[in-house]
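# Pasting a predicted model and its sequence here:
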Amino acid sequence: MSNRCIKRYVKHLKKWNITSQCISVTHQYCEMTGLWWVPRRPENGVSVQKRECEIDLTNKYMLFQQRILYHADNQRKKMKVLVIEDDEVLAEYIAKGLTEHGYIVDISINGKDGLYFAVTEVYDIIILDKMLPNVDGITILKTIRASNNNTLVLILSAQSSIESKIEGLTEGADDYLTKPFAFEELKARVEALSRRRGEGNIKDKFQLTAGNLKLDLKKRRVWLGSTVLHLQNREFTLLEYLMRNAGQLVSRTMLLENVWEYKFEPQTNVIDVHISRLRSKIDVGRDKSLVTTIRGSGYVFDAD
């Protein structure tokens, strides 16, 4: 929304003696969601219309407060774990234990479904059984790595031979734990992998690049070559999420949950609008857009 529109918007609210606090938080709510509420104009000076306006703004204010609390809670991001294990009792046991320690856990009890979740969803860690029905664990691991997915993988297996461990680690696993095992050891290994994810090169930690496009997380700035791009907060967050998942299909649901923090479909074109705005800024001088639309599925960010 242009500054001119915002000024006109505020003028109407002040005219109806709406509190400045309500005006402020309503604007913040609209900025956060990208959805602008247009107040109804009172007809013939009827006070009921003004009262309805105040009630509507109050609801927006309360919703905004709820979203602020939700956003603050999400700053303490929980690690998301996928458990692919055909022993349903064991899978539930692992999930229950990790959930009690603050992890978000999804379960798959066969290789086919596990592979689907691993390549279509975003996880911090995958706990992978080696011997699975439909698709075995090593095949899943190879497919994950072939798609340039660097999700941390911990293999669980009853196969305790040196050859089996070497095979798993060689194919791209980050750790290997043999069955039977103590849950405390599994938890310790998951925590160690979590720390490993948080370590590494400082430049890689705070900068994302794709060709001549560079995003600096610490400074919250984006460059296209030597030109600084001026992105809105939501556009910056959207670009960051797309770049972090470069080369992978990102569904609309994933964007709503991770960029807008919605747990529902808002029935608006807010994603399309922001993708269009982002393309107009990052695709300058390019024959092909960095963000490809996969009709009916989502988007793919091309890092090459």
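Structure's in. What do you need?
# ok, the closest residue to Leu169 other than its chain neighbours - how many residues close by?
Excluding the flanking residues, the one nearest Leu169 by CB to CB, 6 or more residues apart in numbering is Tyr176, at 6.0 Å. To be clear about C-beta, it is placed using only N, CA and C from the backbone, and glycine gets the same treatment. Burial measure for Tyr176: 21 neighbouring residues, criterion other CB atoms under 10 Å.
# from here on, count from 53
Will do, 53 is the new start, and the previous item becomes Tyr228.
# Point out where the protein drops to low pLDDT.
53-130, 249-258, 315-318, 356 (pLDDT under 70).
# So which residues of it form helices?
Under the criterion DSSP state H, the chain contains helices at 55-67, 72-85, 99-126, 140-152, 163-172, 189-198, 214-222, 235-250, 254-258, 285-296, 304-310, 322-334.
# one step back: partner residues bridging the residue nearest to Leu221?
Ile207 (DSSP bridges).
# so what's Asn162 up against?
By CB atoms under 8 Å, 6 or more residues apart in numbering, the residues touching Asn162 are Asp138, Leu184, Pro185, Asn186, Val187.
# let me redo that: Asn297
So Asn297 contacts Val174, Phe353 (CB under 8 Å, 6+ apart).
# Give me the neighbour count for Ile214.
7.
# re the thing from before, who wins on neighbours among the contacts of Asn162?
Leu184 (23 neighbours).
# The closest residue to Ala210 other than its chain neighbours: what's it in contact with?
Using CB to CB, 6+ apart and skipping the chain neighbours, the partner closest in space to Ala210 is Lys231 (4.6 Å). By CB under 8 Å, 6+ apart, the residues touching Lys231 are Leu208, Ser209, Ala210.
# Relative to Thr230, how far out is Val133?
In this view, Val133 and Thr230 are 19 Å apart by CB to CB, to the nearest Å.
# brain fart, Ala210
Distance from Ala210 to Thr230, by CB to CB: 7 Å.
# Looking at the two, which one has more neighbours?
Set Ala210 next to Thr230 and count neighbours by other CB under 10 Å: Thr230 wins out with 15 against 11.
# Near the closest residue to the more buried one other than its chain neighbours, how many residues? Count them for me, please.
Closest residue to Thr230 apart from its sequence neighbours, by CB to CB, 6+ apart: Ser212 at 4.3 Å. Using other CB under 10 Å, the number of residues around Ser212 comes to 11.
# Can you report phi and psi for Ser212?
Main-chain torsions, Ser212, degrees, to the nearest 10: phi -110, psi 10.
# Could you check how far it is from Leu267?
44 Å.
# Help me confirm that Leu265 comes into contact with Asp335.
No: between Leu265 and Asp335 there is no contact under CB atoms under 8 Å: 9.6 Å.
# Need the residues touching each of those two.
Leu342.
# quick one, which of those two is more surrounded?
For Leu265 and Asp335, the more surrounded residue by other CB under 10 Å is Leu265, and the numbers stand at 19 against 15.
# And that one, how close does it get to Glu287?
13 Å.
# How about Glu223?
38 Å.
# Equivalent analysis for Tyr175, please.
Going from Tyr175 to Glu287 by CB to CB gives 26 Å.
# now swap in Thr151 and tell me
From Thr151 to Glu287 the distance is 34 Å (CB to CB).
# number of nearby residues for Thr344?
Thr344 has 12 nearby residues by other CB under 10 Å.
# contacting residues for it?
Contacts of Thr344 (CB under 8 Å, 6+ apart): Tyr351, Val352, Phe353, Asp354.
# Thought Ala262 was touching the third one, still the case?
Yes: with contacts defined as CB under 8 Å, Phe353 counts as touching Ala262 at a distance of 7.2 Å.
# Give me the more crowded residue out of those two.
Using other CB under 10 Å as the criterion, Phe353 and Ala262 rank with Phe353 on top: 21 against 17.
# Please report the distance of that one from Val133.
With CB to CB as the criterion, Phe353 and Val133 are 24 Å apart.
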